[in-house]
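**Student:** Pasting a predicted model and its sequence here:
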Amino acid sequence: MDLRRDKPPPIARFMFSVLALATQILANVNVIAQVRQIRIPGDILIGGVFPVHSKSLNGDEPCGEIAETRGVHRVEAMLYALDQINSQNDFLRGYKLGALILDSCSNPAYALNQSLDFVRDMIGSSEASDYVCLDGSDPNVKKQSQKKNVAAVVGGSYSSVSVQLANLLRLFRIAQVSPASTNADLSDKNRFEYFARTVPSDDYQAMAMVEIAVRFKWSYVSLVYSADEYGELGADAFKKEARKKGICIALEERIQNKKESFTESINNLVQKLQPEKNVGATVVVLFVGTEYIPDILRYTAERMKLTSGAKKRIIWLASESWDRNNDKYTAGDNRLAAQGAIVLMLASQKVPSFEEYFMSLHPGTEAFERNKWLRELWQVKYKCEFDIPPGTKGTRCEDIKQSTEGFNADDKVQFVIDAVYAIAHGLQSMKQAVCPDDAIENHWISRYSKQPEICHAMQNIDGSDFYQNYLLKVNFT
């Protein structure tokens with residue numbers, strides 16, 4: 001892989017680009033009254049962006065319902081990884097990793113607005129703001145800023161969110177590691193020079209889908225994809241590989257996220273697949289965002305009048321966006337439409353220690369209360385209320401105990417943990433290189449007797465140096 005980078009632009013042009021982008025984005029931030037984030041204190045901050053909520057169907061609200069597996073599980077996976085790292089006093093020689101974790105609400109525009117918090121201090125303040133000129137003479141130090149900028153960011157999940165996030169972070173030379181975005185374009189280092197990920201690109205997924213079609217002798221298929229970076233680039237990759245193997249695409253449907261266009265697209269698809277149409281291409285390749293799939297299944301079941309025992313004409317060949325832990329996929333008639341689907345999954349391992357950790361989360365404990373989204377999840381999932389007196393009518397959330405029965409952690413948990421550890425190992429290597437005279441490292445007694453003094457190079461991390469010379473060279477098991 002060619003890791004060469006262009007030289008940094010002239011400072012005037014760079015600052016103009018930053019301020020122009022910031023002005024445009026900040027104009028929209030005030031529309032959103034509630035900031036959805038959690039902050040964990042630490043000597044070095046790592047950012048996080050996860051789809052804690054789905055995208056709202058109401059134009060007046062940015063966020064919809066809470067997402068347990070793809071959202072809350074991934075947030076907790078990051079917090080779990082930070083706990084594991086911070087519990088090893090010798091990992092960063094006493095330095096503690098903190099976090100600023102934001103909710104993307106599965107919405108690229110909203111995620112971009114929220115992510116300004118990662119760089120707000122860089123935009124809104126400069127070294128001059130820490131000084132006061134009393135009489136026009138040399139400035140005196142007013143105070144030392146206590147705010148910390150993020151060293152790197154874990155996220156996003158949806159490729160469309162990661163693209164927006166990468167475009168912002170590159171202006172400030174902040175490294176980004178995605179645990180879920182598979183968009184092939186994100187591998188273009190000329191456009192995304194600070195982006196890395198712990199999952200493979202869609203090019204490999206498209207090759208696997210074509211190999212499945214070849215194996216079953218499906219030479220004539222249909223293709224459905226969402227009108228976003230994930231769907232369009234995934235579909236392009238599939239078509240490219242399909243041509244190599246002589247597989248023809250009978251029809252294509254591009255799914256829009258607007259309800260009217262979405263319904264029209266599904267109607268077109270189902271109509272063309274009706275028996276009397278005799279299209280023949282009843283194998284439907286799906287490259288769509290996870291939020292589209294429950295409605296696709298529901299509309300398909302309705303339009304094709306599927307009933308139990310009836311022969312279903314569609315065989316879905318779906319990408320990894322098909323969420324096996326989402327109950328909506330098998331709710332009601334969706335189950336009839338989903339039967340027989342072939343779904344690709346990224347090879348991942350369960351993390352038993354994480355599952356044990358998650359099952360131990362309980363209202364009132366420190367681990368529970370630091371993540372405010374857990375309270376919302378408890379109320380929605382268990383239909384309970386917090387802070388109601390014992391004996392009062394209604395279910396108290398404090399009395400709820402989780403059950404391991406039926407529990408399945410999100411399949412990207414491993415990749416989130418890997419992303420956090422990759423950043424931590426990179427910081428460890430960088431600290432050893434740029435802080436060789438760190439008193440906390442040299443004097444083991446002081447390491448445990450007082451809080452470490454963070455060396456200047458680690459307070460103001462050079463993102464380009466960190467990404468190229470440390471993060472990309474990380475290797476751990």
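**Tutor:** Now that the structure is in, tell me what you want to look at.

**Student:** From now on I want contacts and neighbour counts done on CA atoms only, so please keep to that.
**Tutor:** Will do.

**Student:** any idea where the strands of the stretch 51-200 of the chain begin and end?
**Tutor:** For the stretch 51-200 of the chain, the strands defined by DSSP state E, counting those that start in this stretch occupy 53-55, 63-66, 97-103, 131-132, 140-141, 150-154, 175-178, 195-197.

**Student:** Dump those to JSON lines, plus mean pLDDT and mean neighbour count.
**Tutor:** Formatted as JSON lines, the strands of the stretch 51-200 of the chain follow (pLDDT from 0 to 100; neighbours: other Cα atoms under 10 Å):
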{"stretch": "strand 53-55", "mean pLDDT": "91", "mean neighbour count": "21"}
{"stretch": "strand 63-66", "mean pLDDT": "91", "mean neighbour count": "18"}
{"stretch": "strand 97-103", "mean pLDDT": "97", "mean neighbour count": "24"}
{"stretch": "strand 131-132", "mean pLDDT": "53", "mean neighbour count": "15"}
{"stretch": "strand 140-141", "mean pLDDT": "50", "mean neighbour count": "12"}
{"stretch": "strand 150-154", "mean pLDDT": "96", "mean neighbour count": "26"}
{"stretch": "strand 175-178", "mean pLDDT": "98", "mean neighbour count": "28"}
{"stretch": "strand 195-197", "mean pLDDT": "98", "mean neighbour count": "24"}
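
**Student:** Can I get the ones you listed in CSV including distance to Asp185?
**Tutor:** Output for the strands of the stretch 51-200 of the chain, formatted as CSV (distance: least, Cα to Cα, whole Å):
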stretch, distance to Asp185
strand 53-55, 23
strand 63-66, 27
strand 97-103, 24
strand 131-132, 44
strand 140-141, 46
strand 150-154, 18
strand 175-178, 13
strand 195-197, 11
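
**Student:** Please identify which of those strands is closest to Val224.
**Tutor:** Smallest distance to Val224 across the strands of the stretch 51-200 of the chain (Cα to Cα): 20.6 Å, for strand 53-55.

**Student:** Can you get me the centre-to-centre distance for that closest one and its chain?
**Tutor:** In this view, strand 53-55 has its centroid 12 Å away from the chain centroid, taken as Cα atoms, centre = their mean, to the nearest Å.

**Student:** Could you list the paired strands of that strand along with their orientation?
**Tutor:** strand 63-66 (antiparallel) (DSSP bridges).

**Student:** hmm, who's touching the partner strand?
**Tutor:** 52-58, 105-106, 376-377 (Cα atoms under 8 Å, 6 or more residues apart in numbering).

**Student:** Mind checking which of those land in helices?
**Tutor:** 376-377 (DSSP state H).

**Student:** Which residue comes closest to Glu252 once chain neighbours are left out?
**Tutor:** Among residues not flanking Glu252 along the chain, Leu223 sits closest, at 4.8 Å (Cα to Cα, 6 or more residues apart in numbering).

**Student:** can you pull out the strands in the stretch 201-350 of the chain?
**Tutor:** 220-226, 248-255, 283-287, 315-318, 342-343.

**Student:** The third one to strand 220-226, inter-axis angle?
**Tutor:** Put plainly, it is strand 283-287. Here strand 283-287 points in a direction 30 degrees away from that of strand 220-226 (axes from the mean of the first three to the mean of the last three Cα atoms, to 10 degrees).

**Student:** Can you give the contact residues for strand 283-287?
**Tutor:** 218, 220-226, 230-232, 234-235, 314-319, 321.

**Student:** So what's the gap between that strand and the chain middle?
**Tutor:** The answer for strand 283-287 is 24 Å, by Cα atoms, centre = their mean.

**Student:** Using CSV, write down the CA coordinates of that strand.
**Tutor:** What follows is strand 283-287, C-alpha atoms only, in CSV (Å, rounded to 0.1, in the frame of the first residue of the first chain):
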residue,chain,number,x,y,z
VAL,A,283,-32.1,-14.3,-6.6
VAL,A,284,-31.9,-10.7,-5.2
VAL,A,285,-28.5,-9.4,-4.2
LEU,A,286,-28.9,-6.9,-1.3
PHE,A,287,-26.4,-4.1,-0.7
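
**Student:** Tell me how far the nearest residue to Leu251 once chain neighbours are set aside lies from Ala152.
**Tutor:** Once flanking residues are discounted, Leu251 sits nearest to Ser222: 5.1 Å by Cα to Cα, 6+ apart. Distance of Ser222 to Ala152, computed by Cα to Cα, to the nearest Å: 41 Å.

**Student:** Now the buried members of the contacts of strand 283-287.
**Tutor:** Buried members of these, scored by 16 or more other Cα atoms under 10 Å, are 218, 220-226, 230-232, 234-235, 314-319, 321.

**Student:** I'd assumed Ala235 was in contact with the residue nearest to Glu252.
**Tutor:** Yes. Leu223 is within contact range of Ala235, at 7.5 Å (criterion: Cα atoms under 8 Å).

**Student:** Low-confidence ranges, the stretch 251-400 of the chain, go.
**Tutor:** By pLDDT under 70, the weakly predicted segments of the stretch 251-400 of the chain are 259, 273-280, 308-312.

**Student:** For it, which segments are assigned as helices?
**Tutor:** Using DSSP state H, counting those that start in this stretch, the helices of the stretch 251-400 of the chain run over 259-272, 293-303, 334-338, 352-360, 366-369, 372-382.

**Student:** would JSON lines of these with distance to Met430 and mean neighbour count be doable?
**Tutor:** What follows is those, written out as JSON lines (distance: least, Cα to Cα, whole Å; neighbours: other Cα atoms under 10 Å):
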{"stretch": "helix 259-272", "distance to Met430": "48", "mean neighbour count": "16"}
{"stretch": "helix 293-303", "distance to Met430": "43", "mean neighbour count": "19"}
{"stretch": "helix 334-338", "distance to Met430": "49", "mean neighbour count": "23"}
{"stretch": "helix 352-360", "distance to Met430": "28", "mean neighbour count": "14"}
{"stretch": "helix 366-369", "distance to Met430": "29", "mean neighbour count": "14"}
{"stretch": "helix 372-382", "distance to Met430": "33", "mean neighbour count": "16"}
